Every structure is written in C-alpha cells, then in structure tokens.
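K.L.:
Please work out how this folds:
(one chain, ligands or ions: 2)
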Amino acid sequence: MGQSFVIACTECDYKKELMLGIGMMYSPANVEGFDSEFTILPSLIKSKKTLELVKCLLNEKQGRFADNYGHALYHCSKCGEFYERFFYHIDHESGSFEPTFKCPKCRVVMIKFEADEDDEKNIDLSRYPCPKCGRNGLIQDVNSMVCWD
Ligand SMILES: [Zn+2]
Ligand SMILES: [Zn+2]
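P.N.:
Ligands and ions are numbered 1, 2, ... in the order given. A predicted model of the protein is given here:
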C-alpha cells in the first residue's frame, strides 16, 4: 500500500505532496510480466529507451527485479526541489541496473533518499534547505498524509 509524503516548510508556505511506496497492483508478476495484460511497467517507466533496456534485461539476460522497487523520494542538489520517481534495481547475468533521474528544471542527476533502516517512514529533511525560501524549515507533515492505494 502506498502512502503520501508531505513536505512542508515552517518558514514559508512551501508544501509538496508526493506519492511514495507501491500500490496494490504492484505485485512482482505485474511489474516483471511484460506480456501480461496487467503489466504496469510502461506506465511506471516513462523513458522509452529505458523501457526497452529493462525489457531486454528481463527477457534476454535473466534479469530480476529486487524487491525494493517503488516510488521513491529524490532530491535535486542544485535547486533543492523534491520529486517522486519509480525506483527499481535489476540484477542480471552480467551485473545490475538502477535508473537515474534528472531534475526536470536543472537536468542534473538527482539523489535518491535512502530510508532509515530502523524506521522506513523517517526521512530527515532538516539538513535540506527549503526550495522556496532557502531556510532550513522543512518538516514532514504527518497530519496531511493519506493512503493512495
Ligand atoms: Zn533542480
Ligand atoms: Zn520555505
């Protein structure tokens, strides 16, 4: 089940809601099964080139998704903005593959937030300046969180 993640700034009116985690349709069979009518990969992987590569890894290189796939939180170090992107890790016969995402504004590669091992929901925002006012006022607004699937 997915859950929204709301970032708010205590210093200004910045607020951003992102859908993280996985939905009910995101079973491994639906994610890996390209030829299944329920396949959801084309809607998750927006880049045609990447989609072709993933297809090739799965079909021709014995590629398998690790079970940590899902919508993850990414951060642009240049403009400071936060984005949600579909993260996955594929192990295949000659190595592994993970997607990289560029900030739509700055075109720099964004950094994925690694969830705390002990507490997956706990993402430390205090060390990141607010994308709008630049001050360190970011908090996770737990009161606005909703389940999305
Ligand atoms: Zn940026
Ligand atoms: Zn702010």
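K.L.:
element containing residue 20?
P.N.:
Using DSSP states H and E, residue 20 sits in strand 15-20.
K.L.:
In terms of secondary structure, what does that strand contact?
P.N.:
strand 3-9, strand 70-75, strand 82-87 (3 or more CB pairs under 8 Å, 6 or more residues apart in numbering; DSSP states H and E). (C-beta placed from N, C-alpha, C; glycine too.)
K.L.:
Contacts for it next, please.
P.N.:
If you take CB atoms under 8 Å, 6 or more residues apart in numbering as the criterion, strand 15-20 is touched by 2-9, 70-73, 82-84, 141, 144, 148.
K.L.:
Kindly reformat the helices and strands packed on strand 15-20 as a markdown table and extend each row with mean pLDDT, mean neighbour count and distance to residue 63.
P.N.:
Below are the helices and strands packed on strand 15-20 laid out as a markdown table (pLDDT from 0 to 100; neighbours: other CB atoms under 10 Å; distance: least, CB to CB, whole Å):
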| stretch | mean pLDDT | mean neighbour count | distance to residue 63 |
| --- | --- | --- | --- |
| strand 3-9 | 92 | 19 | 28 |
| strand 70-75 | 94 | 20 | 18 |
| strand 82-87 | 96 | 18 | 16 |
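K.L.:
Alright, calling it a day.
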